[in-house]
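Enquirer: Output the structure for:
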Amino acid sequence: MRARPSLLGGPGRANRPGRTKRKAVALAAVTAILLPIAACGTSGGDPAVPRPDHIVVVVEENRSYSSIIGNSEAPYINELARWGASLTKFTAITHPSQPNYLALFSGSTQGVSDNSCPRTFTARNLASQLLQADLTFAGYSQSMPSVGFTGCNSGAYARRHNPWVNFSNVPASANLPWTSFPRNYADLPTVSFVIPDVENDMHDGTVRQADTWLRDNLGDYAHWAMTHNSLLVVTWDEDEDGDSKANQIPTVLVGEQVRPGAYAEPNNLYGLLRTFLDAYGLPRVGHAAEMDPIEIWRK
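Expert: Below is the predicted model:
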């Protein structure tokens with residue numbers, strides 16, 4: 001931040017004997033005041049990323065950007081895109097589903113290239129970083145039958161869409177069924193993931209069905225987030241073409257600190273993880289350290 005000329009002598013004034021020394025003293029005083037302010041930032045992490053009280057991340061399945069944005073079968077998601085920020089050049093990491101969930105959660109695919117189950121990892125991840133900083137995390141999976149469930153499938157629930165269950169440094173108490181999602185949003189963890197089951201995430205069901213589920217179950221939270229320093233993120237695991245190299249997916253962010261608009265800066269799931277970590281001043285994990293955070297914020 002540049003000091004105001006009135007503190008240091010305005011332009012056009014002669015430097016009489018002693019003025020240079022007084023300028024140096026004044027500059028030092030201004031710097032001493034401004035440096036602590038700059039160090040504090042606005043987020044507790046990267047100053048470019050605000051610090052939400054709560055982040056809720058919803059992960060949908062197998063749709064490209066062009067099949068959702070502008071699609072009349074997804075009216076609610078397109079409404080969210082108008083309310084908030086729509087990332088128009090955002091990509092997944094690979095195919096199929098499971099390595100993308102691992103990438104978003106831990107900054108790495110952990111060497112996984114398929115949907116096989118079970119898997120076990122010890123690497124640092126979003127939840128472990130939050131918990132180490134005395135912040136909170138929970139994952140809420142629709143149709144998962146019980147807290148801490150480790151089975152590969154149960155009805156429409158699929159463990160391959162639930163990355164945190166695979167990490168030994170995430171407590172079982174953070175692995176929750178959707179029925180545990182707080183109805184008082186102020187009771188939400190710092191960061192939480194919501195995983196609709198395969199009937200409601202566009203995997204087995206229709207786009208319209210998933211859009212309706214999102215509206216009915218998280219529409220109230222979206223409105224609340226816009227006035228309570230919180231954030232809703234809706235993203236996808238991959239596009240519908242398993243051979244696609246572009247792998248462009250929709251991603252929409254809605255919240256009080258979001259500046260509405262369409263954003264064409266290229267980014268991906270690792271950059272989204274980087275954004276979450278930077279918001280809370282957490283050490284970056286895996287490939288998230290190589291990406292820029294998403295820049296969509298009100299100043």
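
Enquirer: where do the strands sit along the stretch 151-299 of the chain?
Expert: 153-154, 157-158, 175-177, 191-195, 230-236, 252-255, 261-263, 267-268 (DSSP state E, counting those that start in this stretch).

Enquirer: want to throw those into a markdown table with mean neighbour count, mean pLDDT and distance to Ala85?
Expert: For the C-beta atoms, the positions are set from N, CA and C on the backbone; glycine is no exception. Shown next, in a markdown table, are the strands of the stretch 151-299 of the chain (neighbours: other CB atoms under 10 Å; pLDDT from 0 to 100; distance: least, CB to CB, whole Å):
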| stretch | mean neighbour count | mean pLDDT | distance to Ala85 |
| --- | --- | --- | --- |
| strand 153-154 | 14 | 98 | 34 |
| strand 157-158 | 23 | 98 | 29 |
| strand 175-177 | 22 | 98 | 28 |
| strand 191-195 | 24 | 99 | 18 |
| strand 230-236 | 25 | 99 | 10 |
| strand 252-255 | 27 | 98 | 5 |
| strand 261-263 | 14 | 98 | 6 |
| strand 267-268 | 22 | 98 | 11 |
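
Enquirer: Ala103 is nearest to which of the ones you listed?
Expert: Between Ala103 and the strands of the stretch 151-299 of the chain, the shortest separation by CB to CB is 8.3 Å, and it involves strand 267-268.

Enquirer: in its sheet, what does the closest one sit against?
Expert: strand 90-91 (parallel) (DSSP bridges).

Enquirer: Output the strands of the stretch 151-299 of the chain in JSON lines; the columns should cover distance to Asp201.
Expert: As requested, those are exported to JSON lines (distance: least, CB to CB, whole Å):
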{"stretch": "strand 153-154", "distance to Asp201": "14"}
{"stretch": "strand 157-158", "distance to Asp201": "9"}
{"stretch": "strand 175-177", "distance to Asp201": "15"}
{"stretch": "strand 191-195", "distance to Asp201": "7"}
{"stretch": "strand 230-236", "distance to Asp201": "9"}
{"stretch": "strand 252-255", "distance to Asp201": "15"}
{"stretch": "strand 261-263", "distance to Asp201": "24"}
{"stretch": "strand 267-268", "distance to Asp201": "20"}
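
Enquirer: looking at those, which is closest to Pro145?
Expert: Comparing the strands of the stretch 151-299 of the chain by CB to CB, strand 153-154 comes nearest, at 5.0 Å.

Enquirer: Show residues contacting that closest one.
Expert: Contacts of strand 153-154 with the rest of the structure, by CB atoms under 8 Å, 6 or more residues apart in numbering, involve 117, 143-145, 159.

Enquirer: what does stretch 213-229 give?
Expert: By CB under 8 Å, 6+ apart, stretch 213-229 touches 50, 52-54, 56, 58, 60, 76-77, 80, 83, 185-186, 194, 196, 200, 230-232, 234, 254-257.

Enquirer: ok, now stretch 171-181?
Expert: 127, 131, 137-149, 162, 164-165, 192, 194-196.

Enquirer: Relative to Thr94, which of the strands of the stretch 151-299 of the chain is closest?
Expert: strand 267-268 (10.3 Å).

Enquirer: distance between the closest one and the chain's centre?
Expert: Between the centre of strand 267-268 and the centre of its chain there are 11 Å (CA atoms, centre = their mean, to the nearest Å).

Enquirer: Equivalent analysis for stretch 112-129, please.
Expert: So, by CA atoms, centre = their mean, the centroid of stretch 112-129 is 18 Å from its chain's centroid.

Enquirer: Now the buried members of the contacts of stretch 171-181.
Expert: Listed as buried from the contacts of stretch 171-181 are 127, 131, 137-144, 149, 162, 164-165, 192, 194-196; burial here means 16 or more other CB atoms under 10 Å.
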